[in-house]
Structure formats: C-alpha cells, structure tokens
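Peer 1: Starting from these lines, generate the structure:
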Amino acid sequence: MGHVSEAALIEQVVDRLSAAYPDAPRDDVAEIVVAAHNRFQHSTIREFVPLFVERRARAELSRSGSLLVWSS
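Peer 2: Now for the predicted structure:
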C-alpha cells in the first residue's frame, strides 16, 4: 500500500468538510482546517493528526453554522 502524505490527507479533509458544509465558503473551511492542523504542529506521532484535525474542524464548523442560524 502506498504512502499518502499528510498534506494530501489534510486536503482531503478540506474536500470532505466543504462537501458537508456547502454554505460555508471553501476558503473559510480551509482556514479552519489549517488552524486545527496548526494545533498539532509539535505532535511527534503524526498517524492520527488528520483524524484529529477533521474532528476539531467539524466541531468548529458546526458551531459556526449554529451561530449563522441564530443570527438570521
């Protein structure tokens, strides 16, 4: 099985979350994912970083989405 780079996996996270939150601009989703990824910058074990990034970013997007609903 081939090795997929962490950068490629993070880009896949952006793709999945952009599809899951179509009302959020892709640039905003990417910014949230990058911010979540930066939190794991010093982690020595990288294997699960994309999973943790996706969970953190999804939670942030869910909070942002609920704020948008309440403000409209």
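Peer 1: Now do R63 against E6, distance only.
Peer 2: Distance of R63 to E6, computed by Cβ to Cβ, to the nearest Å: 25 Å. Every residue, glycine included, has its C-beta placed from N, CA and C.
Peer 1: So for the two, which sits in the more crowded spot?
Peer 2: Higher neighbour count among R63 and E6: E6, with 15 against 10, using other Cβ atoms under 10 Å.
Peer 1: which ones are touching the more buried one?
Peer 2: By Cβ atoms under 8 Å, 6 or more residues apart in numbering, E6 lies in contact with R46, V49, P50.
Peer 1: Filter these down to the buried ones.
Peer 2: For these, a burial check counting by 16 or more other Cβ atoms under 10 Å picks out V49, P50.
Peer 1: Please tabulate the contacts of E6 in CSV, including the columns secondary structure, distance to A36 and pLDDT.
Peer 2: CSV is the format used below for the contacts of E6 (DSSP: H, G, I helix; E, B strand; the rest coil; distance: Cβ to Cβ, whole Å; pLDDT from 0 to 100):
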residue, secondary structure, distance to A36, pLDDT
R46, coil, 14, 94
V49, helix, 10, 97
P50, helix, 10, 97
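Peer 1: export the contacts of E6 to TSV and tack on distance to D15?
Peer 2: Output for those, formatted as TSV (distance: Cβ to Cβ, whole Å):
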residue	distance to D15
R46	20
V49	17
P50	12
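Peer 1: Tell me where the model's unsure across the chain.
Peer 2: 1, 65-72 (pLDDT under 70).
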